[in-house]
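Participant: Sequence plus the predicted model coming up.
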Amino acid sequence: MGVSDNTRGLILAMASSAFIGSSFILKKKGLKRAADSGTRAGVGGYTYLLEPLWWAGMVLMIVGEVANFVAYVYAPAVLVTPLGALSIIISAILAHFMLKERLQKMGILGCVSCIVGSVVIVIHAPQEHTPNSVQEIWALATQPAFLIYVAATLSAVLALILYFEPRYGQTNILVYLGICSLMGSLTVVSIKAIGIAIKLTLEGISQVAYPQTWFFITVAAVCVITQLNYLNKALDTFNAAIVSPIYYVMFTTLTISASAIMFKDWSGQDASSIASEICGFITVLSGTIILHATREQEPATASAKLIWELCPERVLILGFPPKGGEKDARLISFSIFAYQRTITWYLSGDAMKGVEDEHFITLHNSDYFQQ
């Protein structure tokens, strides 16, 4: 008895999660070693490029992404995409033992939830019909239901980019992640089409001459570039511990929706199987959010040596001289916002006020700090 396509996709998706989860740990260990011997990557250093561990992590990540790409060829997105949460579990467990980043009890609950949800999805995952040509995929992509989804997606992306980003991009995390997730759903269905075309070509049925193949490649390239651009903006603006779970939930939900519409993943399934898959999916999402919320964050490394004594909502700053002036010690109420080498001190401590209503001092030069 041969191995089913769903089984191949499942094995590839799990292998992908193992490779990607492990790659995070190796890359982080390489970055830590590089920081001990040179400038940290977070402040512009590139010494990590000389670290074999970092390169080993990069190779594992590439292998994992390739495995994930091939998994979409064999199995539906409703099976492959949620299993990406397993990479978070693997990285959390390895970080607990290899990086001494403590995994809390609620984090363990999050891992168990992800595993239980993944098992439920695997048990009830639908068997997908694999198209026999790019032209058949094109017929699926041009059906009215999917065209409506594409039109709605592109309209939402344009609205987010042209209207919402200039006004709310720096304050509302859903703007950048909305663009990433919407474009990501189109990325996945395009990559799935490309993967099927490659598979058919390797089997001797060339799909290179069809213009639809090159159309899907173009769409995938545009979507990937846009997705990465706005994901970098989100990571650059907001805390990664917040970005990761929200992006995972939005991306996974939209990807499964797009694939279900285009490839009709749930056609032929009864209501109980679909309900079980949805419950498993929600369980995985819940576990992911719990895991991210409870993982300890690595303490920030200060780029300047400040001497301070902490009190409730107050800081006694010692030896904090204006350039060329005399040293001063003051007790002030404040909120601190740190971004790379810039620190902003909000003197009133009211975090809800807008910048235009505050009085603040922004320090850019290390000459201001006591060494």
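Facilitator: Yep, that arrived.

Participant: got the residue ranges for the strands in this structure?
Facilitator: For the chain, the strands defined by DSSP state E occupy 308-311, 314-317, 330-333, 335-339, 342-346, 360-363.

Participant: average pLDDT for the second one?
Facilitator: Same thing as strand 314-317. If you average the pLDDT over strand 314-317, you get 40.

Participant: same check, this time on the third one
Facilitator: For strand 330-333, the mean per-residue pLDDT is 36.

Participant: my guess is Phe238 meets Ile173, correct?
Facilitator: Yes. Judged on Cβ atoms under 8 Å, Phe238 makes contact with Ile173 at a distance of 5.0 Å. Bear in mind the C-beta positions are built from the backbone N, C-alpha and C, glycine included.

Participant: Could you find the closest non-adjacent residue to Glu101?
Facilitator: Nearest residue to Glu101, sequence neighbours excluded (Cβ to Cβ, 6 or more residues apart in numbering): Ala95, at 4.2 Å.

Participant: Show the low-confidence segments of this protein, by residue range.
Facilitator: Within the chain, the segments meeting pLDDT under 70 span 1, 39-45, 240-241, 295-371.

Participant: Distance of the residue positioned nearest the centre of it relative to Ser273?
Facilitator: By Cα atoms, centre = their mean, the chain has its centre lying nearest to Ser244, at 4.8 Å. According to Cβ to Cβ, to the nearest Å, Ser244 stands 30 Å off from Ser273.

Participant: same question, Ile88
Facilitator: In terms of Cβ to Cβ, Ile88 sits 26 Å off from Ser273.

Participant: out of those two, which sits in the busier spot?
Facilitator: Using other Cβ atoms under 10 Å as the criterion, Ile88 and Ser273 rank with Ile88 on top: 25 against 15.

Participant: how far away is the residue lying closest to Val120 once chain neighbours are set aside from Val66?
Facilitator: Nearest non-adjacent residue to Val120, counting by Cβ to Cβ, 6+ apart: Gly280, 3.2 Å away. For Gly280, the distance to Val66 (Cβ to Cβ) stands at 26 Å.

Participant: Between those two, point out the one with more neighbours.
Facilitator: Counted by other Cβ under 10 Å, Gly280 and Val66 do not tie: Gly280 has more neighbours, with 22 against 13.

Participant: Give the full set of residues in contact with that one.
Facilitator: 82, 116-121, 124 (Cβ atoms under 8 Å, 6 or more residues apart in numbering).

Participant: Kindly report the same for Tyr230.
Facilitator: So Tyr230 contacts 176-177, 179-180, 183 (Cβ under 8 Å, 6+ apart).

Participant: Ok, Lys28 next?
Facilitator: Taking Cβ under 8 Å, 6+ apart, we find Lys28 in contact with 57, 95, 99.
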